[in-house]
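In: 3D, please:
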Amino acid sequence: MYILGHLSRVGVFVQLRKLLAVVLLCGGCASPTPGGAGVSSRNRGVLVSAEIAQSSGVTAYDVLAQLRPEYLRSRGQSSLTDTGPATAVVYIDNVLMGSLSALRNLDAQAMSRVEYLNASDATTRFGTDHNGGAILVFTKR
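Out: This is a model prediction of the structure:
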């Protein structure tokens, strides 16, 4: 009886190992988005033109509020001396535009790609005063 129980456990482990191998090999086989819309949302730091086109937003701010609201959120107080909320700085075609309000003046149809850089990456790329990160908007030229 002990031998039969042991063999059945070994069989289970063999089956689990096979299943794990299939899961690991087919890691990219699933649809990239829930519902299989065909638009990749694996990288939350990048918003591509196909996703932008699916949005019903009129301005860049509307699109981000709908598709990537985390880009617009305050990151809290950035220091003891600066009590204001740390929000992302906006760049349009690599030109500093300032606060998030700049997104309200940009037509959603003009955008081709949007990237979000966290505070560390934004500071490395653009220098200080990026405690809330940076939103990089690339337009169709």
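In: all helices of this structure, in order?
Out: 2-25, 49-54, 60-67, 119-126 (DSSP state H).
In: how is this structure carved up into domains?
Out: Recorded structural domains for the chain (assignment: automatic domain parsing) are 1-30, 43-139.
In: rank the ones you listed by pLDDT, which is bottom?
Out: Per-stretch mean pLDDT for these is lowest at domain 1-30 (a mean of 50).
In: pull up the gap between the nearest residue to Arg104 once chain neighbours are set aside and Ile135, please.
Out: Nearest residue to Arg104 in three dimensions, chain neighbours excluded: Tyr61, at 4.6 Å (C-beta to C-beta, 6 or more residues apart in numbering). In this view, the C-beta of every residue, glycine as well, is placed from N, C-alpha and C. Going from Tyr61 to Ile135 by C-beta to C-beta, to the nearest Å gives 10 Å.
In: neighbour count for the two, which is higher?
Out: Taking neighbours as other C-beta atoms under 10 Å, Tyr61 and Ile135 compare with Ile135 leading, 26 against 20.
In: residues touching Thr87, list them.
Out: Listed by C-beta atoms under 8 Å, 6 or more residues apart in numbering, the contact set of Thr87 reads Leu72, Arg73, Ser74, Arg75, Ser99, Leu100, Gly132.
In: rerun at 7 Å
Out: Residues in contact with Thr87 (C-beta atoms under 7 Å, 6 or more residues apart in numbering) are Ser74, Ser99, Leu100, Gly132.
In: closest to Ala88 among the residues you listed?
Out: Ala88 lies nearest to Gly132 out of the contacts of Thr87, by C-beta to C-beta, at 4.7 Å.
In: any idea how far Leu103 is from the closest one?
Out: Distance of Gly132 to Leu103, given as C-beta to C-beta: 14 Å.
In: need the overlap of contacts for the two.
Out: With C-beta under 7 Å, 6+ apart, Gly132 and Leu103 have no common neighbours.
In: quick one: contacts of stretch 133-141?
Out: With C-beta under 7 Å, 6+ apart as the test, stretch 133-141 has contacts from 60, 71, 75, 88-93, 106, 110-119, 122, 126.
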